[in-house]
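Undergrad: Generate coordinates for the sequence data below:
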Amino acid sequence: MKQLLIISPYFPPCNAADMQRVRMSLPYFAAHGWEAEVVAVDPDYTDIVKDELLTESLPPGIKIHRVKAFDKKWTAKLGLGSIALRSLFYYRKKVNALLKAKQYDLIYFSTTQFPVCVLGAYWKKRFNIPYVIDMQDPWHSDYYQGKPRDLQPKKYWFSYHLNKYLEPVAIKNSDGLIAVSDRYINDLKKRYPRISAIPSSTITFGAFEPDLQIAARNAGRFKPILYPGFKNIVYIGRGGNDMHKALIPLFEALKLGLATEQETFQQIKLYFIGTSYAAIGRGEPTVLPLAEKYGILDNVIEVTDRISYYHTLCTLQQADALFIPGSDDPKYTASKIYTYMSVPKPLLTIFNKESSAIGILKQYGITRVYNYDDVSPSDLMAFLIQLVKGDLLPDTYNAAVLSKYSAETMTLNQCNLFNRVIVSDAP
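TA: The predicted structure follows:
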């Protein structure tokens, strides 16, 4: 059995999107010849929402090594609030000890807390161990360059220059790349020709059937969010101004409907839940200002605070229909689509026409897949009218595609990449 050491700063019970691939893969690694251990930050050192139910999905006996992090109340005064930077020293110390005590075949960084990945180059040099980086998002990106300051993330100047310095250290020494989008890999190989020949693979997130069973067993634990007596359309995920182009067609259709068929369209509520990564109670709305501009505030609810993962699943199950808006960044993939498609509800999606999500959704058999440049207002109004009348039915998914994008298949794909890396790295 080959030995895999996974670096994932956030890990259950922390409810972070970037640990989901690891969590959903752990039950299947051993079947494909890899025994996995995880090194994660102790949840007491994080300020992210916790969901204790997430631990129920972990295979029994999995080794989880916990590391400390510097206290954020002190490091934040220096502008260093990220868990990656606060835990870097402790990761180095802990993994050094592990690598001295045991022979591992590969280190796997699966996180969007990218600064920890620079340790891969250090461990490779000191212990001669290869490493793979999982690019769930872009690391160093020019997306916000040139945009007005109010549209840039907080501390953008600092993070931009830090990422510009750290990314080449980690990427140029890596032995393999996994990404949720072909574009991420292509961009990196163009930027760093040195890695043009290393093994790489585009592997999306997958659907994880056990989660639905856990959610169903615990549905009574969660306070309902949706208003009874309305037709509730739900999106749960991050917001942001980059999603406005996808929201505008739907908001325009709702505004037109309220002006022409008020009695029908006033029955509709649009929910945007968990739109901010900020601490509880400190998130700034990014959807409501747009809804106010279109005069539909009575029909739009935005909850900036994130909710737990299984609360999310239960809320999706309680909805009348689901909505996924995409970013105006063509590289955006929306890994959440696999969770949405595990819930049998009518689904509406609007993306950038170049997003890879469009092709995946169509493979599944989703019929209401639009891009924001070409979507017809009449199509969206028809969707809303059918919803109110009760005429909408969930799409019938392609069974072969369900298997293709399952968490088990995605784990097999990861293991195939790992095998290629250790073979190519062998002397």
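Undergrad: Let me know the secondary structure of A97.
TA: helix (DSSP: H, G, I helix; E, B strand; the rest coil).
Undergrad: correction: F323
TA: F323 - assigned by three-state DSSP - is strand.
Undergrad: who touches it in this structure?
TA: Taking Cβ atoms under 8 Å, 6 or more residues apart in numbering, we find F323 in contact with I233, V234, Y235, L250, L270, L347, L348, T349, I350. In short, each C-beta sits where N, CA and C put it, glycine included.
Undergrad: Sketch out the low-pLDDT regions of the stretch 1-150 of the chain for me.
TA: By pLDDT under 70, the low-scoring segments of the stretch 1-150 of the chain are 73-80, 140-150.
Undergrad: about what we covered before: can you tell me which of the contacts of F323 are buried?
TA: Buried residues within the contacts of F323, counting neighbours by 16 or more other Cβ atoms under 10 Å: I233, V234, Y235, L250, L270, L347, L348, T349, I350.
Undergrad: For the last one, pull up the helix or strand it's in.
TA: I350 belongs to strand 347-351 when assigned by DSSP states H and E.
Undergrad: Helix or strand next in line after that strand, which one?
TA: helix 356-364.
Undergrad: Which elements pack onto the helix or strand that that following helix is followed by?
TA: Sequence-wise, the next helix or strand downstream of helix 356-364 (DSSP H and E) is strand 369-371. Counting contacts by 3 or more Cβ pairs under 8 Å, 6 or more residues apart in numbering; DSSP states H and E, strand 369-371 is packed against strand 347-351, helix 356-364.
Undergrad: Tell me which other helices or strands the shortest one touches.
TA: Meaning strand 347-351. Against strand 347-351 (3+ Cβ pairs under 8 Å, 6+ apart) you get helix 244-260, strand 321-325, helix 356-364, strand 369-371.
Undergrad: where among these is the average confidence lowest?
TA: Lowest mean pLDDT within those: helix 356-364, at a mean of 87.
Undergrad: rewinding a little: for A246, which of the helices and strands packed on strand 369-371 is the nearest?
TA: Closest of those to A246 is strand 347-351, at 4.3 Å (criterion: Cβ to Cβ).
Undergrad: quick one on the thing from earlier: so for Y405, which of the helices and strands packed on strand 347-351 sits nearest?
TA: helix 356-364 (7.3 Å).
Undergrad: Show me what that closest one is packed against.
TA: helix 337-340, strand 347-351, strand 369-371, helix 399-404.
Undergrad: Go through the last one and flag the buried ones.
TA: The one in question is helix 399-404. Quick answer for helix 399-404 (16+ other Cβ under 10 Å): V401, L402, K404.
Undergrad: With distance to Y108 as added columns, please give these in a markdown table.
TA: A markdown table is the format used below for those (distance: Cβ to Cβ, whole Å):
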| residue | distance to Y108 |
| --- | --- |
| V401 | 26 |
| L402 | 26 |
| K404 | 22 |
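Undergrad: got JSON lines for those residues, with pLDDT too?
TA: Putting the buried residues of helix 399-404 into JSON lines (pLDDT from 0 to 100) gives the following:
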{"residue": "V401", "pLDDT": "77"}
{"residue": "L402", "pLDDT": "77"}
{"residue": "K404", "pLDDT": "85"}
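Undergrad: Looking at these, which one is closest to V180?
TA: Using Cβ to Cβ, the buried residues of helix 399-404 come closest to V180 at K404, 14.9 Å.
Undergrad: Pull the contacting residues for that closest one.
TA: Q363.
Undergrad: Report the separation between it and K353.
TA: 23 Å (Cβ to Cβ, to the nearest Å).
Undergrad: What are the boundaries of the strands in the stretch 1-150 of the chain?
TA: 2-7, 34-41, 63-67, 106-110, 131-135 (DSSP state E, counting those that start in this stretch).
Undergrad: chain center to the last one: distance?
TA: On the basis of Cα atoms, centre = their mean, to the nearest Å, strand 131-135 is displaced by 16 Å from the centre of the chain it belongs to.
Undergrad: what's the angle from that strand to strand 2-7?
TA: Angle between the axes of strand 131-135 and strand 2-7 is 50 degrees (criterion: axes from the mean of the first three to the mean of the last three Cα atoms, to 10 degrees).
Undergrad: what's next to strand 131-135, contact-wise?
TA: 21, 106-111, 117, 120, 123-124, 170-171, 174-181, 184-185, 188, 417-418, 421.
Undergrad: So which of the residues you listed sit within helices?
TA: Per DSSP state H, helices hold the following members of the contacts of strand 131-135: R21, G120, W123, K124, A170, I171, Y184, I185, L188, L417, F418, V421.
Undergrad: Run through the residues that contact the fifth one.
TA: What that stands for is A170. A170 neighbours (Cβ under 8 Å, 6+ apart): F109, F114, C117, V118, G120, A121, I133.
Undergrad: now the farthest one out in the chain, which residue is it?
TA: Most distant residue from the mean C-alpha position of the chain: T260, 37.9 Å away (Cα atoms, centre = their mean).
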